[in-house]
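J.: Need the 3D shape of this:
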Amino acid sequence: MYSWPTHHGIYDVLSMLSEGMTQQEILEDFPELEPADILAVLAFAADREHRTYSLAVQ
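T.: Numbers count the residues shown, from 1 in each chain. You can find the predicted model right below:
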């Protein structure tokens with residue numbers, strides 16, 4: 001699974017992105033995050049969506 005070393009949750013980062021914040025803006029507002037953290041959030045969300053869809057189709 002993905003490691004998440006900060007108190008910012010996956011939901012928080014996805015919400016910021018969906019509200020139109022860029023990755024750069026998120027990184028500037030939360031300097032403890034790294035670009036890899038945002039990519040990990042997106043990968044986690046994609047994997048979860050894939051698993052949900054796969055279960056629904058079966």
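
J.: The helix or strand encompassing Ala46 - what's its average pLDDT?
T.: Assigned by DSSP states H and E, Ala46 belongs to helix 35-57. Mean pLDDT, computed over helix 35-57, is 83.

J.: Output the contacting helices and strands for that helix.
T.: helix 10-18, helix 23-29 (3 or more CB pairs under 8 Å, 6 or more residues apart in numbering; DSSP states H and E). C-beta: built from backbone N, CA, C; applies to glycine.

J.: Output that helix as CSV, nothing but the C-alphas.
T.: Only the C-alpha atoms of helix 35-57 are listed here, as CSV (Å, rounded to 0.1, in the frame of the first residue of the first chain):
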residue,chain,number,x,y,z
PRO,A,35,5.6,15.8,-5.7
ALA,A,36,5.7,12.0,-5.2
ASP,A,37,3.1,12.3,-2.4
ILE,A,38,0.6,13.8,-4.8
LEU,A,39,1.3,11.2,-7.4
ALA,A,40,0.8,8.5,-4.7
VAL,A,41,-2.6,10.0,-3.9
LEU,A,42,-3.6,9.9,-7.5
ALA,A,43,-2.3,6.3,-7.9
PHE,A,44,-4.2,5.3,-4.8
ALA,A,45,-7.4,6.8,-6.1
ALA,A,46,-7.0,5.2,-9.5
ASP,A,47,-6.3,1.8,-7.9
ARG,A,48,-9.3,2.1,-5.6
GLU,A,49,-11.6,3.2,-8.5
HIS,A,50,-10.3,0.2,-10.6
ARG,A,51,-11.0,-2.2,-7.8
THR,A,52,-14.5,-0.8,-7.2
TYR,A,53,-15.3,-1.0,-10.9
SER,A,54,-13.8,-4.5,-11.2
LEU,A,55,-16.0,-5.7,-8.2
ALA,A,56,-19.1,-4.2,-9.7
VAL,A,57,-18.6,-5.9,-13.1
